[in-house]
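>>> Predicted coordinates and the sequence they were generated for:
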Amino acid sequence: MERERKVRLFILGLAILLPVTMALSIVTGSVPVSLDNFIGLVQNWLGMDVANAEEQMQAWMVVEVIRLPRTLLGVIVGSTLAACGGAMQGLFRNPLADPSIIGVSSGAALGAGVGIVLTGMLPVVMVATLQVYTVPFLAFVGGFITTIAVYKIGTTNNGTSVATMLLAGIAIGALSGAGMGILNYVADDTMLRNLTFWQMGSLGGASWEQLVFIIPIMLALQVGLISHARGLNALLLGESEARHLGFHVQRLKIRLITMTALGVGVAVSISGMIGFVGLVVPHLVRMTIGPDHRYLMPASALLGGSLLLIADVLARIVVSPAELPIGIVTALLGAPFFMSLLWKQRGRIG
Amino acid sequence: MDMTSNNQTLSDHLALDVKNVTVIRSGRKLLDDVSFQARPGEVVALLGPNGAGKSTLFRAITDEMSPDEGHVLLNGTAIGDWDLGKKALTLGILPQSSTLNFPFSVREVVLLGRSPCKSSREENNAIVDKALEMVDASHLVERSYTNLSGGEKQRVHLARVLVQIWDQPEDGQRVLLLDEPTSALDPAHQHKTLSIAREFAKQNVAVVVILHDLNLASQYADRLVMLCAGRIEANGTADDVLKPDLLQRLLDIEVCIMRHPKDGYPLVVAG
């Protein structure tokens, strides 16, 4: 019962951490914005009179047009990637499964790339509207095909072999890389810039139009994933055991694969390849409160949002006034973490 | 162990009915016209040499492999026609080994067995405590599953399966299927495990247990079913099945049959 108190405290802590990191993300950047500015803006939205509103206009603009959308995008993408990572580790019965490591992200990126190039060939007026839907959809298709492929290749009733899973990831990464190469070859300058951005990952492109479209999808997905927590727990025992416990395993697997592919696909299509969030976050949570998905999934979503915002803040201040692509920051933090996990697992990998 | 009194309470109803099951894979007959029954309150031991088809039969019973001919009935209904949730409350299955490698606590692992049940958290925790006490693993309750020894893990999984079929379902009789539940256990816990099987049989559960140890089967089972090369070669009480010529022919071992000095059941001694 000690564990339950720990779980409650931990989730409470995460629920406090998230608004703190959001505030940090709003006040950090090349244009100075203070917390007072932000509070003033909120009061202004609520129709209250704000002293020296004129002076604050510039800060307000920055918050409204850039910082707030970017912050919300960071929260929703980070939490979705973390929840998808947690679900994928349960599905593969392997704590090292991560969308970026097993190639799901690169599959999704290839789908997004195909979308960019295809829609880019259309007349300019149609491009913008079509891209909003086509690119996430193709990213989802890419992610879906990849997840199924890796699952089929790597998973037996004894779980997923780490080596097979990673090798499948390498093969799929190579294939997607080749596909990206072809796309680069046929792309024009605008497309090329878009493609490069996709491969690095960034929250810089956040806009309210996008957010209105993706926040409901991703929130629904997270709720969907969290609601399958019991099934995920049973799945950890093995597929047959989960079936013996009364779960429709085939249906469960298809749902989990669809939802994770959709989550990763939409995240990749909006913010590019941001790796390791899905690996690092559920791992930290599991180390603290254990593997029960009923707590692991919501806690991962909360922590994922916060951690991605912290990574984004780092990306903005390290080389200020320029900024690093956030994918580079998460890789710099996540890859050594992954290596340390491999180090701990060595001898058990097979 | 008094077996006659137990037999008298058996109803005519069959909890598990395996009817003429034949399984052919890659042109080989893994099971050839296999039939046997388990009645409520009965412990049936399934015996046979390696490769006899015990695991195939197990998988046919658990609906992981569909037979080419014949069928398996659970409480009179074909195993594949059951609603999965209801089936989980009726049929408890302990596989030979588990691949769980996430650091659940022992309590959490056993609680997973309660997932098909609709009882409250307090009830579930109380049942888990009782089951862990039964398998002699109460002291492990807060330990991390991944740090347990092989035998401890096996007992924890037994507890998980016991809590799954702990309550008498609304209709029908429960079946407990154990695949070599004693393979990783020390002698004391081997006896403990089979005593638990008997205790569940007393509550009218039909227990089918795959065993290698003939003497354990003789001591605890009401009936011994001997499987060899995919066919059932013997099906009866320990006295019917444990005969030197039969064991010589099926298991290729030379044995003497003796009597247990106190309880009188047959004991198999090699040589």
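Looks like it arrived, so ask away.
>>> For the rest of this, base every contact and every neighbour count on C-alpha atoms.
OK.
>>> Would you mind listing the residues in contact with A:Thr71?
By Cα atoms under 8 Å, 6 or more residues apart in numbering or on different chains, A:Thr71 lies in contact with A:Met22, A:Ser25, A:Ile26, A:Leu309.
>>> again with A:Asp292
Applying Cα under 8 Å, 6+ apart, the residues contacting A:Asp292 are A:Ala229, A:Asn233, B:Phe104, B:Glu108.
>>> thinking the second one is in contact with A:Gly90, fair?
Yes. In this structure, A:Asn233 is within contact of A:Gly90 by Cα atoms under 8 Å, at 7.3 Å.
>>> follow-up on the earlier one: filter the contacts of A:Thr71 down to the ones near chain B?
With Cα under 8 Å from any Cα of the partner chain as the criterion, the contacts of A:Thr71 include none near chain B.
>>> that older thread, between the contacts of A:Asp292, which is closest to A:Gly265?
Nearest to A:Gly265 among the contacts of A:Asp292, counting by Cα to Cα, is A:Ala229 at 21.3 Å.
>>> correct me, but that closest one touches A:Arg294?
Yes. Contact criterion Cα under 8 Å: A:Ala229 and A:Arg294 qualify, at 5.0 Å.
>>> residue ranges of the strands in the stretch 151-300 of chain A, please?
Counting by DSSP state E, counting those that start in this stretch, the stretch 151-300 of chain A has strands at residues A:155-156, A:159-160.
>>> Need the contacts of A:Thr71 in a markdown table (columns: pLDDT).
Shown next, in a markdown table, are the contacts of A:Thr71 (pLDDT from 0 to 100):
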| residue | pLDDT |
| --- | --- |
| A:Met22 | 96 |
| A:Ser25 | 94 |
| A:Ile26 | 92 |
| A:Leu309 | 96 |
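>>> neighbour-wise, which of the residues you listed leads?
A:Leu309 (29 neighbours; other Cα atoms under 10 Å in any protein chain shown).
>>> From chain B, how far off is it?
With distances taken as Cα to the nearest Cα, to the nearest Å, A:Leu309 is found 29 Å from chain B.
>>> Number of residues surrounding A:Leu341?
Count around A:Leu341 with other Cα under 10 Å applied: 15.
>>> That one: which element?
helix A:326-345 (DSSP states H and E).
>>> Next one, pLDDT for the residue sitting nearest the centre point of chain A please.
For chain A, the residue nearest the mean C-alpha position is A:Leu81 (2.7 Å; Cα atoms, centre = their mean). Note on A:Leu81: pLDDT of 95.
>>> Chain B contacts on the stretch 151-300 of chain A?
Residues of the stretch 151-300 of chain A lying near chain B (Cα under 8 Å from any Cα): A:158-159, A:230, A:233-234, A:236-238, A:240, A:243-248, A:290-292.
>>> Give me the subset of those that lies in helices.
Counting by DSSP state H, those place A:Arg230, A:Asn233, A:Ala234, A:Ser240, A:Arg243, A:His244 in helices.
>>> that older thread, ok, of the strands of the stretch 151-300 of chain A, where does mean pLDDT dip lowest?
strand A:159-160 - the lowest mean pLDDT of these, at a mean of 61.
>>> Tell me if the helix holding A:Leu341 is near chain B.
No. Using Cα under 8 Å from any Cα, helix A:326-345 stays clear of chain B, with a minimum separation of 11.9 Å.
>>> quick one, helices of the stretch 1-150 of chain A?
A:2-27, A:35-45, A:53-61, A:68-91, A:104-120, A:124-154 (DSSP state H, counting those that start in this stretch).
>>> Does the first one pack against any helices or strands, and if so which?
Going back to what we said before, that points to helix A:2-27. helix A:68-91, helix A:277-289, helix A:293-317 (3 or more Cα pairs under 8 Å, 6 or more residues apart in numbering or on different chains; DSSP states H and E).
>>> Can you list the buried residues in the longest one?
For helix A:293-317, a neighbour-count test (16 or more other Cα atoms under 10 Å in any protein chain shown) marks A:293-316 as buried.
>>> Could you do the second one as well?
Within helix A:277-289, the residues scored as buried using 16+ other Cα under 10 Å are A:Val277, A:Gly278, A:Leu279, A:Val280, A:Val281, A:Pro282, A:His283, A:Val285, A:Arg286, A:Ile289.
>>> residues touching the residue of the stretch 101-250 of chain A found nearest chain B, list them.
Using Cα to the nearest Cα, A:Gly246 is the residue of the stretch 101-250 of chain A that sits closest to chain B, at 4.4 Å. Each residue near A:Gly246 by Cα under 8 Å, 6+ apart is listed here: B:Leu84, B:Gly85, B:Lys86, B:Lys87, B:Ala88, B:Pro116.
>>> try A:Thr258
A:Thr258 makes contact with A:Phe144 under the criterion Cα under 8 Å, 6+ apart.
>>> coming back round to it: please convert the helices and strands packed on helix A:2-27 to CSV, extending it with distance to B:His212.
Listed next are the helices and strands packed on helix A:2-27 as CSV, based on distance: least, Cα to Cα, whole Å:
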stretch, distance to B:His212
helix A:68-91, 34
helix A:277-289, 39
helix A:293-317, 38
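>>> Identify the residues contacting stretch A:230-237?
For stretch A:230-237, the surrounding residues in contact (Cα under 8 Å, 6+ apart) are A:87, A:90-91, A:93, A:241-242, A:245, A:247, A:249, A:252, A:292-294, B:98-102, B:112, B:115.
>>> Sketch out the low-pLDDT regions of the chain for me.
Since you didn't name a chain, this refers to chain A. For chain A, applying pLDDT under 70 flags the ranges A:1, A:124-129, A:156-162, A:346-350.
>>> ah, I was thinking of chain B
Short version for chain B, where the test is pLDDT under 70: B:1-12.
>>> Could you rerun that using 80?
Confidence mapping of chain B against pLDDT under 80 gives the ranges B:1-13.
>>> What segments of it are helices?
For chain B, helices defined by DSSP H occupy the ranges B:4-8, B:54-61, B:84-90, B:106-112, B:121-134, B:150-164, B:187-202, B:214-220, B:238-241, B:244-251.
>>> Chain A: which of these is closest?
When the helices of chain B are compared (using Cα to the nearest Cα), the closest one is helix B:84-90, at 4.4 Å.
>>> which strands and helices sit next to that closest one?
helix A:239-244.
>>> For the helix it packs on, which residues meet the burial criterion?
Of the residues in helix A:239-244, those with enough neighbours to count as buried (16+ other Cα under 10 Å) are A:Glu239, A:Ser240, A:Glu241, A:Ala242, A:Arg243, A:His244.
>>> Could you double-check that the last one lies in contact with B:Gly92?
Yes. A:His244 lies in contact with B:Gly92 (Cα under 8 Å); the separation is 7.3 Å.
>>> Contact residues of the stretch 1-150 of chain B facing chain A?
B:62, B:64, B:84-88, B:91-93, B:98-104, B:108, B:112-113, B:115-116.
>>> Just the buried residues of these.
B:62, B:84-85, B:87-88, B:91-93, B:98, B:100, B:102-104, B:108, B:112-113, B:115-116.
>>> how about the nearest residue to A:Met191 once chain neighbours are set aside, what does it touch?
Leaving aside its sequence neighbours, A:Met191 sits nearest to A:Val117 (Cα to Cα, 6 or more residues apart in numbering or on different chains; 6.2 Å). For A:Val117, the contacting residues are A:Leu183, A:Ala187, A:Met191, by Cα under 8 Å, 6+ apart.
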